[in-house]
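Asker: A predicted structure for the sequence below; I have some questions about it.
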There are 2 protein chains.
Amino acid sequence: MARTQGSHSDITGPKVREAALRLFARHGYAAVSMRQIAGEVGVQAGALYNYTPDKQSLLMDLMKGHMDELIAAWEHQSSARDPMAALEQFTRFHIRFHSKRPEAVFISYMELRNLNPENFIVIEALRRTYEDVLADILRAGVNKGEFSVPEPKVAAMAVIAMLTGVNTWYRDEGRLSLAQVEEIYWGMVRKTVAA
Amino acid sequence: MARTQGSHSDITGPKVREAALRLFARHGYAAVSMRQIAGEVGVQAGALYNYTPDKQSLLMDLMKGHMDELIAAWEHQSSARDPMAALEQFTRFHIRFHSKRPEAVFISYMELRNLNPENFIVIEALRRTYEDVLADILRAGVNKGEFSVPEPKVAAMAVIAMLTGVNTWYRDEGRLSLAQVEEIYWGMVRKTVAA
DNA sequence: GATTTAACTGAACATTCGTTCAAATCAATC
DNA sequence: GATTGATTTGAACGAATGTTCAGTTAAATC
């Protein structure tokens, strides 16, 4: 049994996913060929099939990996506190997490329609789980009289859309720092749901 | 010169654009073949080239058509009034206009990366024009002391993202009517920029 | 009813696609 | 240094891609 540690697959495997992430984000899943991915990795197309059973699984792994990371990261840093503090934490977390992985975010929003039906169901469920995190925060705030939102789930969708929108224009080299962006958005979110 | 009026092209031309709109929205530009479009129209693939010079132009026509319509529709119904009334008008207009053409909206947001460079520039300019409509309303409101937003352009992006997000979940058959959705979002937008 | 020409067919074009697989390669173990 | 097995190559597969075009069809004009 040769090469069980530090083998090439430890290098090539991640490189395949990174190349797929970059190319899918830039050109779209359907527009990227396995040969393009292989080219970025520095390997022939056939070698990719040591790391993924097919192209669809490659997409699914990227999307599921992103959603799992998102939910795990939130659960890890989320500390139970009052609704206002939880909302601020969620707002800042969402902006920071999403701005750090624009490619994965892009793919996860754009390539849903290229998932086969069973994969689609899985990703949709994860997305709903994340949306419900915010909806629950809003409901708690309404119960406490701190927030005023007629439809918590709708408000959650609105806030998430607003926050995710940062990715469409924010650039690290831009005029505003991420910390400034966080402040601006937290100000808007707070007012949006204010009682 | 036979068949200059009421010819088949008056029927087939629109059918081609409708089929392309539906299929591009459902499966994505890159995933849709000219033969699929032709199949929906009830014609062979070659016949499509009587109505578009190539696939790229078909996409560009749909996107430019949508953006032109959007801007023209706003300019047509926009009546110069105070910032608060203008913001309410913009909010309701955006939700109504976008909810009526979900496929064109979807394509215009998702297929930007499939435009060739010169087409991309055109669409981006139109999008900026529309964003600036809202940014100008916000600036006017700030000057009048009615709104409080530290960064009008950022706030405009946030509000547009929030409003466009309606399309991701709103369904005509759903629990909430479009009029109710309008009310909920106007309430949130008003608070978001409130002084 | 002959003529005209817009509209469309159907086949072909050179490429490219995702995927498979026998053979070659190469690094770690014995 | 021979052996082993993970890793990769390179060619091949059938199917599908966007686009072209000579030829056919059919509707409006004369």
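Answerer: Received the coordinates, thanks. The shown structure was predicted, so the numbers you read here are calculated from the model rather than taken from an experiment.
Asker: Residues contacting stretch A:183-195, please?
Answerer: Taking Cβ atoms under 8 Å, 6 or more residues apart in numbering or on different chains as the criterion, the residues outside stretch A:183-195 that touch it are A:84, A:87-88, A:91-92, A:95, A:138, A:141, A:145-149, A:155, A:158-159, A:162-163, A:166, A:176, B:149-151, B:154-155, B:158, B:188, B:191-194. Backbone N, C-alpha and C define where each C-beta goes, glycine included.
Asker: and A:Met157, that's in a helix?
Answerer: Yes - the secondary structure assignment for A:Met157 places it in a helix, going by DSSP: H, G, I helix; E, B strand; the rest coil.
Asker: circling back to that earlier point, are any of the contacts of stretch A:183-195 buried, and which?
Answerer: When neighbours are counted using 16 or more other Cβ atoms under 10 Å in any protein chain shown, these contain these buried positions: A:84, A:87-88, A:91-92, A:95, A:138, A:141, A:146-147, A:149, A:155, A:158-159, A:162-163, A:166, A:176, B:149, B:151, B:154-155, B:158, B:188, B:191-193.
Asker: Considering only these, which also neighbour DNA strand C?
Answerer: If you filter the buried ones among the contacts of stretch A:183-195 for contact with DNA strand C, counting by Cβ under 7 Å from any atom of the strand, you are left with nothing.
Asker: same for the lengthiest helix in chain A, what does it pack against?
Answerer: The helix spanning the most residues in chain A, taking DSSP state H as the definition, is helix A:117-143. The criterion is 3 or more Cβ pairs under 8 Å, 6 or more residues apart in numbering or on different chains; DSSP states H and E, and the helices and strands that helix A:117-143 contacts are helix A:55-77, helix A:83-100, helix A:152-164.
Asker: and of these, who's closest to A:Ala30?
Answerer: For the helices and strands packed on helix A:117-143, the distance to A:Ala30 is smallest for helix A:55-77, at 9.7 Å, taking Cβ to Cβ.
Asker: what's the angle between the closest one and helix A:83-100?
Answerer: Comparing the axes of helix A:55-77 and helix A:83-100 via axes from the mean of the first three to the mean of the last three Cα atoms, to 10 degrees yields an angle of 140 degrees.
Asker: Just confirm yes or no for helix A:55-77 near DNA strand D.
Answerer: No - remark: helix A:55-77 sits outside contact range of DNA strand D, by Cβ under 7 Å from any atom of the strand, the gap being at least 12.5 Å.
Asker: could you say what helices and strands that helix packs with?
Answerer: The helices and strands touching helix A:55-77, judged by 3+ Cβ pairs under 8 Å, 6+ apart, are helix A:8-27, helix A:83-100, helix A:102-110, helix A:117-143.
Asker: is any part of the shortest one close to chain B?
Answerer: Yes - remark: helix A:102-110 sits within contact range of chain B at A:Met110, by Cβ under 8 Å from any Cβ of the partner chain.
Asker: Now do that helix against helix A:117-143, angle only.
Answerer: Relative orientation of helix A:102-110 and helix A:117-143, computed by the same axes, to 10 degrees: 100 degrees.
Asker: Quick check: mean pLDDT of helix A:102-110?
Answerer: The average of the pLDDT scores along helix A:102-110 is 96.
Asker: helices and strands around that helix, which ones?
Answerer: Contacting helix A:102-110 under the criterion 3+ Cβ pairs under 8 Å, 6+ apart are the following elements: helix A:8-27, helix A:55-77, helix A:166-169.
Asker: do the second one as well
Answerer: Counting contacts by 3+ Cβ pairs under 8 Å, 6+ apart, helix A:83-100 is packed against helix A:55-77, helix A:117-143, helix A:152-164, helix A:166-169, helix A:178-193.
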